[in-house]
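> just a sequence and a predicted model for now, questions to come.
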Amino acid sequence: MDHNPDRIAVWPGYFDAKVSRRSGRRVPRDSSVLKPDLEGLFIASRALGLRKIKREEKTSHPTRPHSKEGRLWVSKKGAADSVGASSKEEILQLIGGQWRQMQKDLRADEKEAEKRGPQTGDRRARAQRKGGNKARAVQARAQRSQKRRR
């Protein structure tokens with residue numbers, strides 16, 4: 001691709017919570033996510049309000065040639081107009097904050113669905129739940145028998 005000073009390259013590796021700043025993370029820990037991927041980065045950017053985005057899949061970062069993580073091209077002018085961020089670091093922190101919040105919401109929704117249990121007519125989930133109760137009952141019996149032995 002030819003050089004365009006209005007575009008910023010955003011790599012998913014910039015947001016990896018398990019990587020140190022020295023190893024390539026570009027945002028603070030509170031704006032980083034676990035297992036970053038291009039699709040999540042794209043969705044978080046859209047949710048933030050960025051519209052001028054181009055996705056490039058199967059490209060590798062120069063310092064990480066073994067992983068074909070892909071990248072996003074974000075327009076500086078479009079970012080300044082839509083979210084008010086003027087520098088690359090501001091854009092990265094805003095995207096990271098949005099992405100992390102989306103992951104937290106997803107985890108909370110999964111926990112809520114797990115608490116509610118299976119839906120009516122979902123035989124597979126009901127069977128798994130029943131198996132879990134059996135396992136808990138067996139474990140409780142084992143603990144009671146250990147107490148009796150003492």
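Thanks, I have it.
> name the helices or strands packed onto the longest helix along the chain?
When the chain is parsed with DSSP state H, its longest helix is helix 88-116. Under the contact definition 3 or more CB pairs under 8 Å, 6 or more residues apart in numbering; DSSP states H and E, helix 88-116 sits against strand 7-10, helix 38-48. Quick note: C-beta positions are derived from backbone N, CA and C, even for glycine.
> can you lay out those as a markdown table showing distance to V138, mean pLDDT and mean neighbour count?
Shown next, in a markdown table, are the helices and strands packed on helix 88-116 (distance: least, CB to CB, whole Å; pLDDT from 0 to 100; neighbours: other CB atoms under 10 Å):
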| stretch | distance to V138 | mean pLDDT | mean neighbour count |
| --- | --- | --- | --- |
| strand 7-10 | 50 | 95 | 18 |
| helix 38-48 | 39 | 96 | 18 |
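> export those as a markdown table, with columns for distance to G96.
Formatted as a markdown table, those follow (distance: least, CB to CB, whole Å):
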| stretch | distance to G96 |
| --- | --- |
| strand 7-10 | 10 |
| helix 38-48 | 8 |
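> follow-up on the earlier one: and the longest helix of the chain, what's buried?
88, 91-100, 102-103 (16 or more other CB atoms under 10 Å).
> and the angle for that helix with helix 38-48?
100 degrees (axes from the mean of the first three to the mean of the last three CA atoms, to 10 degrees).
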